[in-house]
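Q: Got a predicted model here, sequence first, then my questions.
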Amino acid sequence: MAAAAGGWNLAGGQRRQRRRGRAGEEAEGGAVLRRLQEARDDLLSSGFWAASAGAVRTPLAGCAEPPAQCVCYGLGRFSGCPAARHQLAFLLLLLEELRVPPEHCALFDPAFTAQEAAALEHLGLRLLPENEEGKHGIEGSATLFYMVHCGKALYNNLLWRNWSAEALSKMVIIGNSFRGIEERLLSRVLERDYSYIAKVLKGTEEVALPAHPRYLDTFNDTSVHWFPLQKLKGLSPEVWNFVEEPTYQDCEDLEIIRKEDRAEQHSLAATAS
């Protein structure tokens, strides 16, 4: 058999070691994909997906255009975490339901391992090249944002980046309940630290995903949010005038990994080595 791309030019021992390493990586990747398929089957057999699909269809019925692309933040370590694996399986079912091609779905989580990144690419999904901190502009395209159990700052940053009635009306967000955020935070804290969430509440429609005993920790407090254009246009003009980028200087519990945090971690690791 012919050598492939010069890969057979290694010495015998090195060649066997490399092949064993590749075989091990492929076996691990295959195991991750098999567990993901099991999670998908579980969602379908439990009835949770069928019930949840109805909640997702509700906003789409009133949308001028269905989502053409998807962005996913904060999925987590799905190779070892069953909850994250079920969330990924749910996302893949969503893409099928909405007929969004996998290559039109981009993901980012600083926790992804190389193995997990390879599994996502095997599924046809794209990885965002850098930490956007949630500041992803839709650039005129109807977009689904899948952000289950993400920090409040990510939602706030996303709203800020797309702060216009026209842009918000083209967005659907599946993530932590905005009503729940409002109920749990003091109003002064919500308005000070997460002002864009506070301002958009009256322009938001929200439907909770159904509760299911098997997924209480996986999808708890998760809702589908959308922003009807007429409701947004009904907000006072002052709501749209303030467009300052959030800084979170006074926020005591910031649930977000910032770009500089990640860069500092890499710098410290390099220094230690």
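A: In hand now; what should we look at?

Q: Walk me through the regions of the stretch 101-250 of the chain where pLDDT falls short of the threshold, as ranges.
A: In the predicted model of the stretch 101-250 of the chain, no residue satisfies pLDDT under 70.

Q: For the stretch 101-250 of the chain, which segments count as strands?
A: Using DSSP state E, counting those that start in this stretch, the strands found in the stretch 101-250 of the chain span residues 105-108, 126-127, 143-147, 171-176, 205-208, 222-226.

Q: Put together CSV for those strands, with mean neighbour count and distance to Ile256 on each row.
A: Backbone N, C-alpha and C define where each C-beta goes, glycine included. Shown next, in CSV, are these (neighbours: other C-beta atoms under 10 Å; distance: least, C-beta to C-beta, whole Å):
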stretch, mean neighbour count, distance to Ile256
strand 105-108, 21, 12
strand 126-127, 16, 19
strand 143-147, 24, 12
strand 171-176, 23, 13
strand 205-208, 16, 22
strand 222-226, 22, 18
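
Q: Which one, of those strands, ends up nearest to Phe242?
A: Among the strands of the stretch 101-250 of the chain, the nearest to Phe242 by C-beta to C-beta is strand 171-176 (19.4 Å).

Q: still on that earlier bit, possible to save the strands of the stretch 101-250 of the chain as CSV with distance to Leu190?
A: Output for these, formatted as CSV (distance: least, C-beta to C-beta, whole Å):
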stretch, distance to Leu190
strand 105-108, 26
strand 126-127, 32
strand 143-147, 18
strand 171-176, 13
strand 205-208, 16
strand 222-226, 16
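
Q: Can you say which of these is nearest to Arg77?
A: Proximity to Arg77, assessed across the strands of the stretch 101-250 of the chain by C-beta to C-beta, is greatest for strand 105-108 (12.9 Å).

Q: Give me the contact list for that closest one.
A: Contacting residues not belonging to strand 105-108 are listed as 69-73, 75, 91, 95, 120, 125-128, 130-132 [C-beta atoms under 8 Å, 6 or more residues apart in numbering].

Q: Any of those residues buried? List them.
A: Buried subset of the contacts of strand 105-108 (neighbour count, 16 or more other C-beta atoms under 10 Å): 69-73, 75, 91, 95, 120, 125-126, 131-132.

Q: just to revisit the earlier point, so which of the strands of the stretch 101-250 of the chain comes closest to Leu254?
A: In terms of C-beta to C-beta, the element of the strands of the stretch 101-250 of the chain nearest to Leu254 is strand 171-176, at 15.1 Å.

Q: angle of the closest one against strand 143-147?
A: Between strand 171-176 and strand 143-147, the angle comes out at 10 degrees (axes from the mean of the first three to the mean of the last three C-alpha atoms, to 10 degrees).

Q: what lines up beside strand 171-176 in the sheet?
A: Here strand 171-176 is paired, per DSSP bridges, with strand 143-147 (parallel), strand 222-226 (antiparallel).

Q: Turn those into a markdown table, columns for distance to Pro82.
A: Shown next, in a markdown table, are these (distance: least, C-beta to C-beta, whole Å):
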| stretch | distance to Pro82 |
| --- | --- |
| strand 143-147 | 18 |
| strand 222-226 | 16 |
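
Q: Out of those, the one nearest Glu244 is which?
A: Nearest of the strands paired with strand 171-176 to Glu244, taken as C-beta to C-beta: strand 143-147 at 21.8 Å.

Q: For that closest one, C-alpha coordinates in PDB please.
A: In PDB, the C-alpha atoms belonging to strand 143-147 read as follows (Å, rounded to 0.1, in the frame of the first residue of the first chain):
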ATOM      1  CA  THR A 143     -30.200  34.100  13.700                       C
ATOM      2  CA  LEU A 144     -30.900  31.600  16.400                       C
ATOM      3  CA  PHE A 145     -28.700  31.900  19.500                       C
ATOM      4  CA  TYR A 146     -28.400  28.800  21.600                       C
ATOM      5  CA  MET A 147     -27.100  29.800  25.100                       C
END
